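Q: Build me a model:
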Amino acid sequence: MSKDKTVQAYLDTVAAQIRWKRARAMVTWELARHLEDQRSAFAAAGYANAEQLAVEEMGDPVSVGVELDCIHRPKPQWGLLALTILLALTGVLLRIGLTASWGPYDMEAEPSKALFAFGLGCAALLAGYFLDYARLGRHGRGIYLAALAVGLTALAVSPRVNGCAYYARCVTLYYPVIYAFWLYSCRRRGRAGLVLAVLGGIPLAAVCILAPYAFGLFLLLLTGFVLLITAAWHDWFGIGRRKSVGSIVLGAAALSAAVLLYAYRSDFISRRLACALHPELDPAGAGYQASAIRKALGASQWLGEGMWSASLPFDQSLPGCDSDAFLTTLIYKLGWLPFLCVVLAFTALTAWLLYRCLKQKSQLGKVAALAVVMTLGIQALCSLAWNLGFPLSSASFPLIMGNLSTVLNMGLISLALSVFRGERLPWEPAYEGTRLLPRYRIRITLQKV
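A: Okay, the predicted model is just below:
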């Protein structure tokens with residue numbers, strides 16, 4: 001769109017009054033379109049100085065800029081920030097208070113390391129909070145390739161912890177969000193876009209399999225399916241909602257059938273499932289941890305430390321009492337009531353995030369925030385099942401268990417807060433300057449000069 005010096009000077013003056021950089025480019029783009037329409041209208045009416053008249057019709061640029069600056073301001077997320085930090089601080093205090101006296105069983109409970117992780121998590125939370133998530137959407141393919149490269153590198157250099165590549169396990173926690181940005185890059189490409197969207201999940205799943213990390217694979221598959229359905233519901237691929245959703249559901253049904261058939265024929269999976277549900281079948285082997293967890297829960301009280309009757313101390317009798325089974329330790333040491341308070345506080349945070357996610361008008365923002373909420377929720381559910389005596393898949397309870405896990409989850413939450421902070425933006429600028437942008441109009445209520 002051509003703009004003469006008069007229009008450009010007007011736009012520069014308006015932009016100088018808008019303090020939020022994320023809103024400045026969008027608002028001036030909209031204003032330029034509006035001025036172009038006004039100029040065309042005056043030119044069609046036979047006026048020789050159409051540009052000057054369009055600028056005068058719009059009003060004083062300083063007043064217009066100040067008015068637009070008042071409208072387009074970030075929406076603070078103080079409540080979500082405070083609740084996230086409070087939960088993370090609670091996790092630090094619990095890790096230090098409940099396990100630090102046991103000795104070198106869990107170095108994460110060392111106060112200096114736990115507090116350093118908390119500070120690093122707060123820094124990640126604030127950094128992501130002020131991040132422009134739409135910029136990530138504009139570079140979805142590059143971010144996807146970079147995340148895949150990081151995952152492959154982590155497979156090569158990671159130390160093995162219980163047979164799993166430790167760093168790769170951490171990277172896969174972000175794969176649902178990475179996949180959300182990949183989906184966004186496949187928009188408006190028809191059937192080819194849908195095929196690319198599905199194929200994009202295969203390399204990420206391969207990293208989870210090579211790690212190997214069963215929880216990461218489960219998290220990616222479940223979250224990816226929901227994100228695909230969401231994208232199809234909004235007809236991102238341009239082939240119709242019904243066709244998109246139908247194709248995804250049929251493909252997911254075929255994949256689920258194949259996975260169930262493999263699990264049915266796999267002796268390892270069958271034994272693990274049987275021991276998780278009935279640990280008494282192998283109390284000294286595969287069912288030992290589940291039996292120990294259930295014994296600790298049975299000895300716990302509503303409030304206060306439980307009554308442990310085994311010959312060995314509690315911390316030596318329960319494997320993972322300072323890591324995977326940390327919530328069991330919380331229940332035994334402090335009682336069921338503090339445990340329920342922690343779970344309810346986290347549930348409130350997750351429900352709040354989900355509520356704000358569902359209200360999003362930005363499709364990119366909704367999908368990115370949904371990936372974050374699902375990642376947090378699935379981690380919490382798997383961790384709860386493990387700590388209640390059904391150890392199917394280990395996961396850290398977000399913000400409560402693990403130093404590195406806390407930092408990673410605070411970084412995830414910051415992305416959702418970045419989405420919510422930009423709710424007052426007129427539209428998402430993922431394809432700024434192309435024909436894909438809608439031609440909205442800015443309503444100017446100032447009086448004409």
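Q: how close does residue 333 sit to residue 56?
A: To residue 56, residue 333 is 73 Å away according to Cβ to Cβ, to the nearest Å. In this view, the C-beta of every residue, glycine as well, is placed from N, C-alpha and C.
Q: Comparing the two, which shows the higher neighbour count?
A: Taking other Cβ atoms under 10 Å, residue 333 and residue 56 do not tie; residue 333 has more neighbours (20 against 15).
Q: Identify the residues contacting that one.
A: 98, 305-306 (Cβ atoms under 8 Å, 6 or more residues apart in numbering).
Q: Ok, residue 389 next?
A: Counted by Cβ under 8 Å, 6+ apart, residue 389 has contacts 279, 290, 293-294, 297.
Q: out of the residues you listed, who has the most neighbours?
A: residue 293 (28 neighbours).
Q: Does that residue touch residue 318 like I think?
A: Yes - proximity of residue 293 to residue 318 meets the contact threshold set by Cβ atoms under 8 Å, at 6.8 Å.
Q: coming back round to it: just the buried residues out of the contacts of residue 333, in PyMOL syntax.
A: Entered in PyMOL, the line below selects the buried ones among the contacts of residue 333, by 16 or more other Cβ atoms under 10 Å:
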select buried, resi 98+306
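Q: from the contacts of residue 333, which ones fall inside helices?
A: Those of those mapping onto helices are residue 98, per DSSP state H.
Q: Setting aside sequence neighbours, what's the nearest residue to the residue nearest to the spatial centre of the chain?
A: Nearest to the geometric centre of the chain sits residue 372, at 1.9 Å (Cα atoms, centre = their mean). Of all residues not flanking residue 372 in the chain, residue 416 sits nearest, at 4.3 Å (Cβ to Cβ, 6 or more residues apart in numbering).
Q: how deep is that neighbour tucked in, by neighbour count?
A: Per other Cβ under 10 Å, the neighbour tally for residue 416 reads 30.
Q: can you tell me which residues contact it?
A: Counting by Cβ under 8 Å, 6+ apart, residue 416 touches 353, 356-357, 368-369, 372-373.
Q: how about TSV for these, with secondary structure added?
A: Below are these laid out as TSV (DSSP: H, G, I helix; E, B strand; the rest coil):
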residue	secondary structure
353	helix
356	helix
357	helix
368	helix
369	helix
372	helix
373	helix
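Q: buried residues in stretch 172-190?
A: For stretch 172-190, by 16+ other Cβ under 10 Å, it's 172-187, 189.
Q: Just the C-alpha atoms of it, please, in PDB.
A: C-alpha atoms of stretch 172-190 as PDB (Å, rounded to 0.1, in the frame of the first residue of the first chain):
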ATOM      1  CA  THR A 172      10.300 -33.600  25.500                       C
ATOM      2  CA  LEU A 173       8.300 -31.700  28.200                       C
ATOM      3  CA  TYR A 174       8.200 -28.800  25.700                       C
ATOM      4  CA  TYR A 175       7.300 -30.800  22.700                       C
ATOM      5  CA  PRO A 176       3.500 -30.300  23.000                       C
ATOM      6  CA  VAL A 177       4.100 -26.500  22.800                       C
ATOM      7  CA  ILE A 178       6.600 -26.900  20.000                       C
ATOM      8  CA  TYR A 179       4.000 -29.000  18.100                       C
ATOM      9  CA  ALA A 180       1.400 -26.300  18.600                       C
ATOM     10  CA  PHE A 181       3.600 -23.800  16.800                       C
ATOM     11  CA  TRP A 182       4.300 -26.400  14.100                       C
ATOM     12  CA  LEU A 183       0.500 -26.800  13.600                       C
ATOM     13  CA  TYR A 184       0.200 -23.100  13.300                       C
ATOM     14  CA  SER A 185       2.800 -23.000  10.500                       C
ATOM     15  CA  CYS A 186       0.600 -25.600   8.500                       C
ATOM     16  CA  ARG A 187      -2.400 -23.300   8.300                       C
ATOM     17  CA  ARG A 188      -4.200 -22.700   5.000                       C
ATOM     18  CA  ARG A 189      -2.300 -25.300   3.100                       C
ATOM     19  CA  GLY A 190      -5.300 -27.600   2.400                       C
END
